[in-house]
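**Q** Turn this into a structure:
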Amino acid sequence: RSVTKKYPTRSDLQIHLEDMYSASFSAGIKKVGLTHLISFDISIINNKYTFDNEDLFTEGINFLREVILNPKFSNEVFLEEKRFLSEYFQGIYANKMRYSLKQTFATMYQGEEFGVDAFGCEDDLEDLTLEDCIKAYNDMLINDVINISIVGDVDELDVNIILNQMFNFSPRKKELKLIDDSPKPQRKPQELFESQNVSQAKMVLGYQ
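**A** The predicted structure is shown next:
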């Protein structure tokens, strides 16, 4: 989400967004059931508010195409993003409410897919390589389910024409598991107690 072949630095990408009437762009991940979701979102003003009838809608879709299909995979960016992710995990420990929830989930769903954090596992971060990320990303583009949602005052026929021109995703058959209906092991009630030098106590109760 940070750099592409056309926008090789973070500032290049941000400057282009500013040129698109300060369009907002974000990327995020989350889990729903056993499904891991990666999203790319852009918000732009309607074409009728641009100067000289500029086609900002097509430009916005073209920007998304550049980000998704032409990412710039470099070791420099990889190490920087890896550091950001490491700081994210460290931040969880500093936020005792998030930390206690994470520990509860890890205990309740030990050995289950549902217990895997949307951001992955901190223990795997050290051995992660740039080649691992490139392989995983390309596999997602080829095999994973892709949904495109557009909200706004647009013409559906024009939108379909533009999307078919910009993106050429092959058909795919994967089914998303939005509900975790896998068999659950019968466990006895568990208690996890951890002592730290903090001013407040945190208690989390988890029921399954």
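**Q** Please tell me how far residue 93 sits from residue 79.
**A** Distance, residue 93 to residue 79, using C-beta to C-beta, to the nearest Å: 22 Å. Heads up, the C-betas are built off the backbone N, CA and C, glycines and all.
**Q** Then residue 92?
**A** Distance of residue 92 to residue 79, computed by C-beta to C-beta: 21 Å.
**Q** for residue 170, same thing?
**A** 32 Å.
**Q** Among the two, which residue is more densely surrounded?
**A** Legend: neighbour count by other C-beta atoms under 10 Å for residue 170 and residue 79, higher for residue 79 (11 against 8).
**Q** In which helix or strand does that one reside?
**A** Here residue 79 sits within helix 75-94, counting by DSSP states H and E.
**Q** which of the residues in the helix or strand that that helix is followed by are buried?
**A** Going down the chain from helix 75-94, the next helix or strand is helix 96-108, by DSSP H and E. For helix 96-108, burial by neighbour count (16 or more other C-beta atoms under 10 Å) applies to 96, 99-100, 102, 104-105, 108.
**Q** what about the helices in this protein?
**A** Taking DSSP state H, the helices of the chain run over residues 10-19, 56-69, 75-94, 96-108, 122-125, 130-143, 156-166.
**Q** what's the pLDDT at the spatially most central residue of the chain?
**A** Residue closest to the average C-alpha location in the chain (C-alpha atoms, centre = their mean): residue 29, at 2.5 Å. With respect to pLDDT, residue 29 scores 95.
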